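*Asks:* Provide a 3D model corresponding to the input given below.
(one chain, ligands or ions: 1)
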Amino acid sequence: MALRTAAEFLAGLRDGREVYYRGERVPNVVDHAELGVAARHAAIDFELAENPKYRDLAVHRDGSDTYSAYFRLPRNTQDLLARSKLIEAGTAEGATLVLLIKEIGTDALFALKRVLTRAGDALGTQRLEAFYRRCRDNDLAMAVAQTDAKGDRSKRPSEQSDPDLYVRVTEKRADGIVVRGAKIHTSCTPYVDEVIVLPSRSMAPGDEPWSLAFAVPVATPGLRLYASDYLHGIDDPFTRPVSTNHKMVETLTVFDNVFVPWERVFFIDRPDLAGATALTFVEFHRFTAVSYKLPLLDALVGAGIAVAKANGIERAGHVRDKLTWLGGYAETVRGLTELAALRCKVEDGVARPDVFTTNLAKWTFARDFHRAMETVQDLAGGLLVTGPGGKDWNSSAVRPVLEKYLPGAWPAERRMAIINLISDLTTRLYGGYQAVLAVHAEGSIEAEKMAMYRAYDASRAVSLAMRLAGLEAAAANK
Ligand SMILES: Cc1cc2nc3c(=O)[nH]c(=O)nc-3n(C[C@H](O)[C@H](O)[C@H](O)COP(=O)(O)OP(=O)(O)OC[C@H]3O[C@@H](n4cnc5c(N)ncnc54)[C@H](O)[C@@H]3O)c2cc1C
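*Replies:* Residues are numbered from 1 along each chain as shown. This is a model prediction of the structure:
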């Protein structure tokens, strides 16, 4: 089997999976008013592969094999740049919201491959390879459940008051293992085929039951998904041109004595592999992250320029200053993303984006994202939160009043379209979602700084400073 169509993907989700939304069991996610929107957003991934405009980017041909390009193992800078472009294109087609049903899963598969290879774990590598081929050859969608519920952040898994706050093994059987516990914030779980489970932190002796990696189909008995309703809202394409048709859903992902056959267990009882897996995963995943941030940044820059024109302020000095900063910010993130690919490290035949540069890109994005939102809000004005709704706009009694009083340098219809885009991107539920996504998703801002600190090679800077200070001999002795 090669590539699936969007319709085949959606049909595969009708499998009796156990999903709860707003306190009730969801009979079928595809037909659900909110989850169905998210599933159709994710299905854009499959439409991309059929679209002649994107086919070369989205489909990989390797001899007689044809598969989704997300599964192509990056071997050099060009592969990483092509992967970044694909992620960016998918997110742009998703109207600034990442699709994330293959991006994150392949990040996890590449990370596991590297960790198991380096550990010389032949059995784990063999199981992983079989699972990778199953996902690739059946064009499957994957979620990654890494972040554990965690409980008291100052305590290790084995020190928590409830051992289920991190996912753990409770039983080993001849045919597989039984796992219990919960992950949180798991994106897209209600509408993917497989969940890949990774450790979220380094582990120490005593943490063996929590030191494991495995994968299960979503419709596995005992796997329960409690979906967030954060993006639930009044859908109105006039005031919410993006979020009416594009949603992503996270779950509290509970493993209630879930059986996992051995062939789906990649490692177990390995505290020594837990931290390496967590770190290697984010090395790939933060590169995915900065790639998918780019359309959102472009949208903010474009909307900022457009609303300045709509309001007739584009020639003002402070406006040019703000737009210059905004464009510079977006291009800095883009440039660092490309640099992370250019500086990649190739080991065991796999190209990893440069760790320092990737984290610098992600940190630069996250650190200034709220300022970027503020800048665009500043240029747009208060109509972002005081403007009319779609029903007003469509009312023959109200619309003439709006058309008379709401124009700027642009007529009211065009001006309100751009103001409503900014409102959706920065002030409404979707804006709030993106604001938190920027700070926390793919690791908190502190996690990025810690990764930069660990990866930074200071030797060039230190040796220059020591030479300028006449301390070469001291530097050589240290
Ligand atoms: C929209 C969204 C989508 C996501 N999707 C996924 C997904 O698909 N899969 C997945 O696995 N995860 C996902 N995540 C989880 C994401 O990686 C986490 O949100 C992130 O790692 C932060 O964890 P937390 O939310 O539990 O916050 P916390 O870890 O509780 O962080 C809160 C604060 O505490 C600090 N802190 C935490 N621990 C310590 C400590 N030990 N010492 C000192 N300070 C500490 C942090 O730096 C931060 O300032 C998603 C998150 C979001 C918001």
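
*Asks:* show me what contacts Ala361?
*Replies:* When contacts are counted by C-beta atoms under 8 Å, 6 or more residues apart in numbering, Ala361 touches Arg286, Val290, Val333, Leu336, Thr337, Leu339, Ala340. C-betas here are computed from N, CA, C, even on glycine.

*Asks:* Report whether stretch 239-248 contacts the ligand.
*Replies:* No: Stretch 239-248 lies apart from the ligand when judged by C-beta under 6 Å from any ligand atom; the minimum separation is 7.3 Å.

*Asks:* pLDDT of that stretch, averaged?
*Replies:* The average of the pLDDT scores along stretch 239-248 is 96.

*Asks:* coming back round to it: let's have the contacts of Ala361 in CSV, adding distance to the ligand.
*Replies:* Below are these laid out as CSV (distance: C-beta to the nearest ligand atom, whole Å):
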residue, distance to the ligand
Arg286, 10
Val290, 15
Val333, 18
Leu336, 20
Thr337, 19
Leu339, 24
Ala340, 19
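
*Asks:* From Ala306, how far off is Arg414?
*Replies:* 9 Å (C-beta to C-beta, to the nearest Å).

*Asks:* Between those two, which has more neighbouring residues?
*Replies:* Between Arg414 and Ala306, counted using other C-beta atoms under 10 Å, Ala306 has the larger neighbour count: 21 against 15.

*Asks:* Please identify the helix or strand for the more buried one.
*Replies:* helix 271-311 (DSSP states H and E).

*Asks:* by how many degrees do the helix or strand following that helix and helix 271-311 diverge?
*Replies:* Using DSSP H and E, the next helix or strand after helix 271-311 towards the C-terminus is helix 317-342. If you take axes from the mean of the first three to the mean of the last three C-alpha atoms, to 10 degrees, helix 317-342 sits at 150 degrees to helix 271-311.

*Asks:* Run me through the strand neighbours of the next helix or strand after helix 317-342, direction for each.
*Replies:* Note on helix 317-342: by DSSP H and E, the next helix or strand toward the C-terminus is strand 345-347. Strand pairing for strand 345-347, determined by DSSP bridges: strand 350-352 (antiparallel).

*Asks:* Relative to Arg118, how far out is the residue nearest the centre of the chain?
*Replies:* The centre of the chain sits closest to Ala289, judged by C-alpha atoms, centre = their mean, with a distance of 5.3 Å. Separation of Ala289 from Arg118 (C-beta to C-beta) stands at 24 Å.

*Asks:* Point out where the stretch 101-250 of the chain drops to low pLDDT.
*Replies:* Within the stretch 101-250 of the chain, the ranges that satisfy pLDDT under 70 run 234.

*Asks:* now the helix holding Ala306, how far from the centre of its chain.
*Replies:* On the basis of C-alpha atoms, centre = their mean, to the nearest Å, helix 271-311 is displaced by 8 Å from the centre of the chain it belongs to.

*Asks:* for stretch 372-382, same thing?
*Replies:* Put simply, stretch 372-382 sits 25 Å off its chain's centre (C-alpha atoms, centre = their mean).

*Asks:* Quick check: closest non-adjacent residue to Ala330.
*Replies:* Leu297 (3.9 Å; C-beta to C-beta, 6 or more residues apart in numbering).

*Asks:* pretty sure the one you found is touching Val333, no?
*Replies:* Yes: using C-beta atoms under 8 Å, Leu297 is in contact with Val333, at 6.0 Å.
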